[in-house]
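J.: okay, here's the prediction I keep looking at, along with the sequence it came from:
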Amino acid sequence: MDDRQDVTDTTDGMKTRLNPKSPREALAPEQAPPLPRSRSARNPIVVIMNGLVTLLLLGVLTTGALLYWGKGEFEKPGPLTEEKIVAIPADSGLARIADILETEGVIESPYDMLGHYIFIGGVRAYQQQGRLKAGEYAFPAGISMRGAMNMLVSGKAILHQITFPEGLTSEQIVNRLKQNEFLTGEVAVPAEGTLLPETYSFTRGAPRSQILEQMQAAHAKVLDGIWEGRDRDLPFSDPQKLVTLASIVEKETGKAEERPRVASVFLNRLERNMRLQSDPTIIYGLVGGAGTLGRPITRSDIDKATPYNTYHVNGLPPGPIANPGRAALKAVANPSNTKDLYFVADGTGGHIFAANLTEHNRNVAKWRKLERAKAAAGKADVDTKDPDAVDLPPDADADAPAAKAADPSDLLDGESPRDPKLPMLPQPKPE
């Protein structure tokens, strides 16, 4: 028994030795038996959560990729091959602006309408949606969406200009504003003499009221400075009276160098209680803000009393007859130091001044001779905006010659009586 058992054992040992493991197999760990599957792994809720997490990760990755791509599209050079002017209307929202830019070819995308949304998304990402300004912009070639956004935020739009000559009435200024096609909105006519005639800049689509506000602010600022530096001997203490007289000076002469001397004439008259007898005040009394008669002044115009007709009212009229410029305001604030009381046209656009009526009448005679020569040659000019017409009273000056005082239609300067219905040639401006 024992011997057989030993044989058996020996045989088993031999078998083992006859089938040895390879070195790799000998070194490899034996596989553990599989673990039993958890019941929770088969739970539907866990499966759903795992799916949601996977989708979320995919969404984050996709969104990041889209944002990266969109940022590149937003900042890459645009499609314009040359500069293009594009108008952004007032009150345009972000979507409307994007539509305009895409329609005009400033922005685009390889996919239809996607550029529209990329621009909107980029503007919102930079939080600039409330800062885009209307106007007319010159977008350069190759400008990116971001560059277009920056231009609209900066408001660096094309500027247009509108110029108002000195001496226009407020009604004439408003009419000029209404004729400008780049401005928008309705406006009322401001008070006379409250606007400063100058050149003003604006962007396409700007409201007309904005220009008037700028003109009023400019007038107030200029008037304050001029009034502060005025001659303290002026016969009035109200700056509005300075504006009124400046408006008369403005209408009397278009030569800047003459304005201080013309102002001196009127101030000298005020100090001597002489009527100003300014023809532009006759016109304003007849047509108001329209500004011009469209014809020469007639005798009946002179004889018609209005609150503005300084042939009938003493002192200044009740208010300005136009909007004076800086030069006229300065001329009244700091007039020439003269004793002049009269002036008459010299035929070249300027005037000849005189301190007494005798000298003035000689100047008038010269002027009349010149006008008759021009009329004979067919070159007479009819000044329908600011003609001079005068009625010399017999006691206008101590040096005045004896004059006929009976006929009210007589000019009292040696001329024959005229038909009041016929136009009168421009005349001098004595008392």
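T.: Now that the structure is in, tell me what you want to look at. Only a predicted model underlies this, so the values are computations on that prediction, with no experimental measurement involved.

J.: for the stretch 301-431 of the chain, which spans come out with low pLDDT?
T.: Applying pLDDT under 70 to the stretch 301-431 of the chain flags residues 379-431.

J.: ok, which stretches of it are helices?
T.: Applying DSSP state H, counting those that start in this stretch to the stretch 301-431 of the chain gives helices spanning 326-333, 357-376.

J.: what are the buried residues along the first one?
T.: Neighbour-count burial for helix 326-333, with 16 or more other C-beta atoms under 10 Å as criterion, is recorded at Arg326, Ala327, Ala328, Leu329, Lys330, Ala331, Val332, Ala333. Yep, even glycine has a C-beta here, placed from its N, CA and C like the rest.

J.: show me the contacts for Pro307.
T.: Going by C-beta atoms under 8 Å, 6 or more residues apart in numbering, Pro307 touches Gly285, Val313, Pro317, Pro318.

J.: got the domain boundaries for this protein?
T.: Listed domain ranges for the chain are 73-154, 159-222 (source: automatic domain parsing).

J.: distance to Arg275, mean pLDDT and mean neighbour count added to those, as JSON lines?
T.: Listed next are the domains of the chain as JSON lines, based on distance: least, C-beta to C-beta, whole Å; pLDDT from 0 to 100; neighbours: other C-beta atoms under 10 Å:
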{"stretch": "domain 73-154", "distance to Arg275": "51", "mean pLDDT": "89", "mean neighbour count": "17"}
{"stretch": "domain 159-222", "distance to Arg275": "21", "mean pLDDT": "96", "mean neighbour count": "17"}
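
J.: minimum distance to Arg362: which of these has it?
T.: With C-beta to C-beta as the measure, domain 159-222 is the member of the domains of the chain nearest Arg362 (29.7 Å).

J.: thinking again about what came up before, pick the most buried one from the helices of the stretch 301-431 of the chain.
T.: Stretch with highest mean neighbour count among the helices of the stretch 301-431 of the chain: helix 326-333 (a mean of 24; mean count of other C-beta atoms under 10 Å).

J.: tell me which other helices or strands it touches.
T.: Packing contacts for helix 326-333, counted by 3 or more C-beta pairs under 8 Å, 6 or more residues apart in numbering; DSSP states H and E, involve helix 208-228, helix 239-252, helix 259-271.

J.: and the angle from the second one to helix 259-271?
T.: Read that as helix 239-252. 120 degrees (axes from the mean of the first three to the mean of the last three C-alpha atoms, to 10 degrees).

J.: C-alpha coordinates for helix 239-252, CSV please?
T.: What follows is helix 239-252 as a C-alpha-only set of coordinates in CSV (Å, rounded to 0.1, in the frame of the first residue of the first chain):
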residue,chain,number,x,y,z
PRO,A,239,-28.0,143.2,-22.6
GLN,A,240,-31.2,142.6,-24.6
LYS,A,241,-31.1,146.2,-25.8
LEU,A,242,-27.6,145.6,-27.0
VAL,A,243,-28.9,142.6,-29.0
THR,A,244,-31.7,144.8,-30.5
LEU,A,245,-29.3,147.5,-31.6
ALA,A,246,-26.8,145.0,-32.9
SER,A,247,-29.5,143.4,-35.0
ILE,A,248,-30.1,146.9,-36.6
VAL,A,249,-26.3,147.4,-37.2
GLU,A,250,-26.1,143.9,-38.7
LYS,A,251,-28.8,144.7,-41.2
GLU,A,252,-27.4,148.2,-42.1
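
J.: okay, the angle between that helix and helix 326-333?
T.: Interaxial angle, helix 239-252 versus helix 326-333 (the same axes, to 10 degrees): 120 degrees.

J.: Lys178 contacts Ile211, correct?
T.: No: applying C-beta atoms under 8 Å, one finds Lys178 not in contact with Ile211, separated by 11.2 Å.

J.: which parts of the stretch 51-200 of the chain are strands?
T.: Using DSSP state E, counting those that start in this stretch, the strands of the stretch 51-200 of the chain run over 84-88, 135-139, 159-163, 199-203.
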